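> Sequence and computational prediction follow.
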Amino acid sequence: MGSEAKVVGLMADPGVPQKIAQSVAGSLKRELADRIEDIEWHVEVSTESFLLTPDGDIPFMDRAEDLRSRCEWDDIVYLTELPRHHDTQPMLCELSTANRALLVSVPALGAHRLLAQTRNLVVALIFSTQEKTRQSSLEDSVRSIAKLRSARGDRGDPGLGRDDTAYIVMPGWLNRLRLLTGMVRSNRPGRTLPALTTSIAAAAAAVGTFGVFYSSMWTLADSLHPARLLLIGLLVIAALTFLLIFRNRLWTKQRDAVYAWQGGLNNTATVIMVGTSVALMFLVLFAFLFALGLVVVDDGQLGSELMHSVSFFNYPRLAWLAACLGTLAGALGSNFDSDDEIRRATYSKRESERRDTDDEAGA
């Protein structure tokens, strides 16, 4: 007599969750086979995803049973890149043993060991629902997942919702810090860089004309201490970062946040993401101007202007100061065709959709 066959369906939002689902499928199948014998396990990855509800949430649990039946899955798991909350606390996952469904908020896992954490959560749910009653399996699932979190030093707090639903929330500032790192990971800092091409072009033109070819800039760069040059660079990056954030309405106002901690978390993630892109733009500009200076500015001419012998290290100082001025000039070209352009570049697909939904609701 052959072993029983069961299928686990993995659905995921595009981006990091989809990559996790595709990467974890093989190891999940092996882990289930090792933990639960006499069952032939299959894992199917689906690219289908849900549209957000008017309140910015994912209607997964309401449709999980029908979807599982339609796809002929025994268990269904949905990985979302949308940060979620329950009872004022950030939420790791929502599970229903009646629907044999698990909804995982990937940002709540943090930025490290995402594959292992996802696999452990799914195995904990499926293992505890084998050959058990609904209520006991729910309690076992909650205990299993909470145990996984406590093993990593987390203060995961299991909360029972409806009779067939439980929530694992993450109280405490350490868990919120982990959520922040997960949000940044999901939103992938640096994606804003292509959207800043107009700034780069304006900065390159301004600095190429004024910064590199004018000898007065050579003297100024030579006279500034490296620490002061570094401070000027940091101030310029910070100025352009906040200009982009406030000009494009990326700042979450306190009245728009559902909970007090949410606005601070969203704004911190926004500053990190936009600031990273601006810093990358600055470094690209610096590298361009450094190469341009080496080609255009003759060391003899530079030494004659500075009235002392020069070395290779004079060129990065000149390029750094020129990049600072160019970045400020680039701020003049930092307008975008619409708020949607910078929002799509800054945030993940789900977070961008959620913010669009909030804007429509507030209109």
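Alright, I've got the coordinates.

> What's the biggest helix in the chain, counting residues?
Counting by DSSP state H, the longest helix found in the chain is helix 260-296.

> Report the distance from that one to the chain centre.
16 Å (CA atoms, centre = their mean, to the nearest Å).

> Next, the buried residues of that helix.
261-263, 265-282, 284-286, 288-290, 292-293 (16 or more other CB atoms under 10 Å). In this view, the C-beta of every residue, glycine as well, is placed from N, C-alpha and C.

> Could you list every helix and strand in contact with that helix?
Secondary-structure packing of helix 260-296 (3 or more CB pairs under 8 Å, 6 or more residues apart in numbering; DSSP states H and E): helix 173-187, helix 197-210, helix 226-247, helix 314-330, helix 339-346.

> next SSE after it?
Sequence order places helix 299-306 as the next helix or strand after helix 260-296, per DSSP states H and E.

> just the CA coordinates of that next one, formatted as CSV?
Extracted C-alpha coordinates of helix 299-306, given in CSV (Å, rounded to 0.1, in the frame of the first residue of the first chain):
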residue,chain,number,x,y,z
ASP,A,299,49.3,67.6,-11.8
GLY,A,300,51.8,70.3,-12.8
GLN,A,301,49.0,72.8,-13.4
LEU,A,302,47.4,71.8,-10.1
GLY,A,303,50.7,72.2,-8.2
SER,A,304,51.3,75.6,-9.8
GLU,A,305,47.9,76.8,-8.6
LEU,A,306,48.3,75.4,-5.1
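
> counting contacts, what elements does the helix or strand harbouring residue 122 pack onto?
Taking DSSP H and E as the criterion, residue 122 maps to helix 114-128. For helix 114-128, the packing partners by 3+ CB pairs under 8 Å, 6+ apart come out as helix 16-35, strand 75-80, strand 101-105, helix 134-151.

> per-residue confidence for residue 71?
Here the pLDDT value assigned to residue 71 is 87.

> Pretty sure residue 42 is one of the things it touches, is it not?
No. Judged on CB atoms under 8 Å, residue 71 makes no contact with residue 42 at a distance of 11.8 Å.

> what's the burial count for the residue nearest to residue 109 when sequence neighbours are not counted?
Spatial nearest neighbour of residue 109, excluding adjacent residues (CB to CB, 6 or more residues apart in numbering): residue 117 at 4.8 Å. Residues lying near residue 117 (other CB atoms under 10 Å) number 21.

> Ok, residue 250 next?
For residue 250, using other CB under 10 Å, the count is 21.

> Find the nearest non-adjacent residue to it, please.
Per CB to CB, 6+ apart, closest to residue 250 is residue 270, 5.2 Å.

> quick one: the one you found and residue 180, what's the gap?
Counting by CB to CB, to the nearest Å, the separation of residue 270 from residue 180 is 11 Å.

> and if you look at residue 312?
Applying CB to CB, the value for residue 312 to residue 180 is 40 Å.

> Please apply the same query to residue 30.
From residue 30 to residue 180 the distance is 32 Å (CB to CB).

> try residue 78
Taking CB to CB, one finds residue 78 at 22 Å from residue 180.

> who has more neighbours, those two?
Shown here are residue 78 and residue 180; by other CB under 10 Å, residue 78 has more neighbours (28 against 21).

> quick one on the thing from earlier: would you mind finding the most buried of the helices and strands packed on helix 260-296?
helix 314-330 (a mean of 23; mean count of other CB atoms under 10 Å).
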